[in-house]
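**Q** Just need the structure, nothing else, for what follows:
(4 chains)
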Number of protein chains: 2
Amino acid sequence: MLTAIYTSVGELVGEGADKISFPIIAERAGVNPTTLYRRWDDVNALLEEVAVAALTGDGESVPDTGTLEQDLTEWANIIAHDITRPERARYLRAMVSARVEIVSSCPVTEKRREQASEMVRRARERGETTPTVQQILDHIIAPLYYNVVFALQVDHEYARRLVRDVLAMVR
Amino acid sequence: MLTAIYTSVGELVGEGADKISFPIIAERAGVNPTTLYRRWDDVNALLEEVAVAALTGDGESVPDTGTLEQDLTEWANIIAHDITRPERARYLRAMVSARVEIVSSCPVTEKRREQASEMVRRARERGETTPTVQQILDHIIAPLYYNVVFALQVDHEYARRLVRDVLAMVR
DNA sequence: TGGTTAAAGCAAAGATCATTGCGTTTCGAC
DNA sequence: GTCGAAACGCAATGATCTTTGCTTTAACCA
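**A** Now for the predicted structure:
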């Protein structure tokens, strides 16, 4: 039931459907539109729910290579590779347009913060000088997402440059 | 005519209207909905047009204080102050959701790039060591916009920290 | 002034969405 | 098994959107 709905939304988003409405989602999911109208306030609410699930879902394990630079580079590459996939990019856009009011946190950011914290913690235990977690979010995550959301290109070279920049701050 | 439509859209966005449709825009603008249906493909196309005009419109003069650090700080503050205004944030969201397909450039980014270029050029003429324009975009603009779009808070302290971070890269 | 063309208004029709009341199913508790 | 609550399906209704053909206005140019 719920998974059918999520799948339906996922397919529509993946296909780049221009119009995504409750009736359309319901038909593909094999449920009655009324169900959707009753459970979610509007399409954006459902869309955001699915987007968050999709964007935070797969429990990517954080790289652990022995140096923070290598960890961050691989991590940035994974993220860059992930969020440039068309359906991921669409989810991001959907999430952005969905949250109409200012809220205090964003699930996606929080996940990245946790991942960054882990890498930084390990690096510090090794005695490395590290940027702060916030610096990593500001100068690696933010540019990556910014460029995806505003429709510019993101590649491995770009991800690598971001890592070098942020590490240059603390040298 | 066109300005009435733009004004109508601007008001609706500013008021945080949940539903923005051609008929609603048309009524407030005192025009016939048919006109809008004929001129724009859909609401998002019109919305993006107005958003771009609003976000790149006012010809903010770039700070020229004598040092790049001060220039960047004031500039970042201006931007932070501007894009955290609810209607500006809304425009940003509208723009994001409007551009469904990957395009090569974003009008807002381009304007910021020009502004950053000017400040960097002046700083270099004074003999300052500067970050690249791209670094400024990546590490000041991107975090600011990212935080607005993903509904976190942006204040002057944050803007200042970004400037310090990016300058630390080149020291 | 008169003619031509592009844009806007008007009205009607159909499509899609959104809401609501009511009957049915499901599932757990007793 | 039976009861009750919650969720879902169904169908009808009204609202809103979207399209289309035709008319009218406006602007531009000979």
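
**Q** show me where chain A has strands.
**A** Taking DSSP state E, chain A contains no strands at all.

**Q** mind showing which ranges of it have poor pLDDT?
**A** Residues of chain A that meet the criterion pLDDT under 70 lie in A:58-60, A:98-105, A:151.

**Q** ok, A:Tyr37 to A:Ile25 distance?
**A** 11 Å (CB to CB, to the nearest Å). Every residue, glycine included, has its C-beta placed from N, CA and C.

**Q** What residue in chain A comes nearest to chain B?
**A** A:Ser97 (3.3 Å; CB to the nearest CB).

**Q** ok, back up a step: so for A:Tyr37 and A:Ile25, which residue has more residues nearby?
**A** Neighbour totals were compared for A:Tyr37 and A:Ile25, and A:Ile25 leads with 25 against 14 (other CB atoms under 10 Å in any protein chain shown).

**Q** Do I have it right that the more buried one meets A:Val9?
**A** Yes: assessed by CB atoms under 8 Å, A:Ile25 is found in contact with A:Val9 at 5.8 Å.

**Q** What lies in contact with stretch A:133-141?
**A** Applying CB atoms under 8 Å, 6 or more residues apart in numbering or on different chains, the set of residues contacting stretch A:133-141 from outside is A:72, A:76, A:79, A:109, A:112-113, A:116-117, A:120, A:131, A:159, A:162-163, A:165-166, A:169, B:138-139, B:143, B:146, B:162, B:165.

**Q** Try it again at 7 Å.
**A** Stretch A:133-141 has contacts (CB atoms under 7 Å, 6 or more residues apart in numbering or on different chains) with A:72, A:76, A:109, A:112-113, A:116-117, A:120, A:162-163, A:165-166, A:169, B:139, B:143, B:162, B:165.

**Q** repeat for stretch A:72-80
**A** So stretch A:72-80 is contacted by A:60, A:62-63, A:65, A:115, A:119, A:140, A:144, A:154-156, A:159-160, A:162-163 (CB under 7 Å, 6+ apart).

**Q** Please determine how far the residue in chain A that DNA strand C sits nearest to is located from A:Ala51.
**A** Here chain A gets closest to DNA strand C at one residue, A:Ser21, 3.0 Å apart by CB to the nearest atom of the strand. Per CB to CB, A:Ser21 is found 17 Å from A:Ala51.

**Q** Who has more neighbours out of the two?
**A** Each of A:Ser21 and A:Ala51 has its neighbours counted (other CB under 10 Å); A:Ala51 has more, 25 against 14.

**Q** Please tell me I have it right and that one contacts A:Arg90.
**A** No: A:Ala51 is beyond contact range of A:Arg90, at 8.6 Å (criterion: CB atoms under 7 Å).

**Q** Grab the nearest non-local neighbour of the residue nearest the centre of chain A.
**A** With distances taken as CA atoms, centre = their mean, A:Leu55 lies nearest the centre of chain A, 4.5 Å away. Nearest non-adjacent residue to A:Leu55, counting by CB to CB, 6 or more residues apart in numbering or on different chains: A:Val108, 5.0 Å away.

**Q** from memory the one you found sits against A:Ala54, does it?
**A** No: the pair A:Val108 / A:Ala54 is not scored as a contact, 10.1 Å apart, by CB under 7 Å.

**Q** can you give me the end-to-end distance of stretch A:25-39?
**A** Distance between the boundary residues of stretch A:25-39 (CA to CA, to the nearest Å) amounts to 13 Å.

**Q** For that stretch, give me every contacting residue.
**A** Looking at stretch A:25-39 with CB under 7 Å, 6+ apart, the contacting residues turn out to be A:1, A:4-5, A:8-9, A:11-12, A:22-23, A:46.

**Q** near DNA strand D at all, it?
**A** Yes: applying CB under 7 Å from any atom of the strand, one finds stretch A:25-39 touching DNA strand D at A:30-32, A:34-35, A:38-39.
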